[in-house]
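Undergrad: Let me see the structure of the following:
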Amino acid sequence: MPIRPTPIPEQLSRAVLDHLNQLGISNVKTYRRWCVENGFGRGLNKNKANRRAELTAARRNQDSAADDFLRLCKRQPIKALQAICEGKVDPAHLPSPELLEFSKALTAAARSKHEPALNRSALSDVLKRLSQRRAKFIGLALAQRASSSSNYETLLALARVVQYRSWWVRPLDQWRPKSKSSRRQFESLLQHLFAKYEPMPAFFQQVWTSSATAMTRYRRWYLRVGRGENLRKCDLPIPYTRRMAHWFMRAPDNFSVPQALRFGQVIGLGGDQRLARTIAMTRLADNFSCDEFWVTVIRWFVNQPLLDPVQVGPIIDYIYFQRFVPEHVMVGLNRQIDDADRAAAGARQPNFTMRDRTAESLVRHVNRWHQGLANSNRQQVCTWIPSGITAFSLLEGGQSSEDHTASVNLEGNVKHWTIRELLSSASLVAEGRKLNHCVASYASSCRNRSTSIWTMEVESFSGLKKLLTIEVSLRARAVVQIRGKNNRFPNEKELGLIRRWAAEAGLKLRVC
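TA: Presented below is the predicted three-dimensional model:
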């Protein structure tokens, strides 16, 4: 008859309790068994020397287990991954932070309540079968080398795919890799398992590689569309027509799912692809509230074919500011503005409409609004905490330096490029004055942590020059808008530097 573990009684001395906690043992019976296995006495009341010896043995055992797993990672990495998937490895023995996060994510997925619970044994079996087919995307760098973030994300994506294995339209055993690219191999696997008829668009694959909460909803869309259902039958946030659904599936590869929704909507309302791309890069990209009003705005843009696309973003910002942003509200220094404050203040023009408005008059109002933002002292009242995204610094034309905080001696053609975050409304005002755009209107979005605004500057022998303002969506961790002076678009040189910064900071680039 098995003996039930004896919990640690409260009458044990504090020294004994502390000792058992340091050993990581939860009951007396387990402690006595451990002592016998490691050659120590079974008694509880031991002197300090014996307890030190037991702690040393425990650390030695842990180090030995960690070394054993490290050797397994080097010699048989797939078996090491299988051991992690099956929960057979102590998290303390994992050799890299990426694998530790992977293990925690698998534990959370196995207890998921909003999605199908992960069967960890099934994931281990899938890893084994994919390795037999030489799938490169499971070749996670283990042992002493740091794991690459892309492989780590792909492994998590594979776990999500296994969570939805009841939706597979074809058996895994029929899949064969046809490319040497790990990314294309994984996309091919998704097409094989979930796409019953037509190939799924490239931008739709992100629903598996992203861990954002909204992706749970988008994954259901992917599964239903993959089985041949019409997108319009999904729980879309806006009304959709057949034409809109057709163009949603043809959205650019670098778009997010909400951007693709807006892209399809604009074309379905009569716009061309250029207008659809432009509107999908504005604040309407992931905001579908008050859609009836914004449809009238989109129709207005459709009826202005000669309007410079550069003006689209500023006009939308102006309309949003006038109709939805409340008048300035004075609150305590550390207090957030709540719904009651907004209701009491009211918007500047809550009945703003597009009826009888011409492009010339609206652009004129936008320019006046820019000037008002630049001259308003009432904008200079709030600050916010940093987003945690890494800044960028590059010394061009001289010796590179890893110390980004060191002073730079600028001589001749040496240029120091920087991208840094703006952390106050005063900084946004100064940015807008210098580059003549409406970035000051983003103060509330920055404060509620939905948006982060960055500035690109270059310092040379002639001085410091502001070049671009960059909008980053913190929810999507993506660069969604880039504008220079008078809302110009970035040139190739500037865009190349932003791509480099985005890659280093782990950001997606969702701009035209």
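
Undergrad: do you know how far the residue nearest to Tyr31 when sequence neighbours are not counted is from Lys79?
TA: Of all residues not flanking Tyr31 in the chain, Ile25 sits nearest, at 4.8 Å (Cβ to Cβ, 6 or more residues apart in numbering). All C-beta spots, glycine's among them, are computed from the backbone N, C-alpha and C. Taking Cβ to Cβ, to the nearest Å as the measure, Ile25 falls 29 Å from Lys79.

Undergrad: So which of those two has more stuff around it?
TA: Ile25 (18 against 15; other Cβ atoms under 10 Å).

Undergrad: That one reaches Trp34, doesn't it?
TA: Yes. The criterion here is Cβ atoms under 8 Å, and Ile25 meets it with Trp34 at 6.3 Å.

Undergrad: quick one, strands of the chain?
TA: 392-396, 415-421, 451-460, 463-473, 478-483, 508-509 (DSSP state E).

Undergrad: if we can go back for a sec, any figure for the gap between the residue nearest to Tyr31 and Ala443?
TA: Noted for Ile25: a distance of 54 Å to Ala443, by Cβ to Cβ.

Undergrad: re the thing from before, for Gln191, which of the strands of the chain is the nearest?
TA: strand 508-509 (21.4 Å; Cβ to Cβ).

Undergrad: for the chain, where's the lowest mean pLDDT among helices and strands?
TA: helix 339-345 (a mean of 45; mean pLDDT, DSSP states H and E).

Undergrad: wait, what's in contact with Arg129?
TA: Going by Cβ atoms under 8 Å, 6 or more residues apart in numbering, Arg129 touches Leu172, Asp173.

Undergrad: per-residue confidence at it?
TA: Looking at Arg129, its pLDDT is 91.

Undergrad: Then Asn38?
TA: For Asn38, pLDDT reads 76.

Undergrad: Count the neighbours of it for me.
TA: 13.

Undergrad: ok, it to Asn27 distance?
TA: In terms of Cβ to Cβ, Asn38 sits 17 Å off from Asn27.

Undergrad: What is the burial count for the nearest residue to Arg176 once chain neighbours are set aside?
TA: Distances taken as Cβ to Cβ, 6+ apart place Arg133 nearest to Arg176, at 6.3 Å, with adjacent residues excluded. The tally of other residues near Arg133 (other Cβ under 10 Å) stands at 14.

Undergrad: where does Arg133 land on pLDDT?
TA: On pLDDT, Arg133 comes in at 86.

Undergrad: Read off the pLDDT value for the residue nearest to Lys466 when sequence neighbours are not counted.
TA: In space, and not counting its chain neighbours, Lys466 is closest to Lys434: 5.0 Å by Cβ to Cβ, 6+ apart. Lys434 carries a pLDDT value of 87.

Undergrad: give me the number of residues near Lys434?
TA: Here the count is done by other Cβ under 10 Å, and Lys434 has 15 residues near it.

Undergrad: quick one: the residue nearest to Ser256 when sequence neighbours are not counted from Leu509, how far?
TA: Once flanking residues are discounted, Ser256 sits nearest to Ala476: 5.7 Å by Cβ to Cβ, 6+ apart. Taking Cβ to Cβ as the measure, Ala476 and Leu509 are separated by 11 Å.

Undergrad: and the two? which has more neighbours close in?
TA: Neighbour totals were compared for Ala476 and Leu509, and Ala476 leads with 21 against 15 (other Cβ under 10 Å).

Undergrad: Please list all residues in contact with that one.
TA: Counting by Cβ under 8 Å, 6+ apart, Ala476 has contacts Ala212, Ser256, Asp286, Lys508, Arg510.

Undergrad: Phe40 contacts Asn50, correct?
TA: Yes. Contact criterion Cβ under 8 Å: Phe40 and Asn50 qualify, at 7.0 Å.

Undergrad: need the contact list for Gln205.
TA: Glu187, Leu190.
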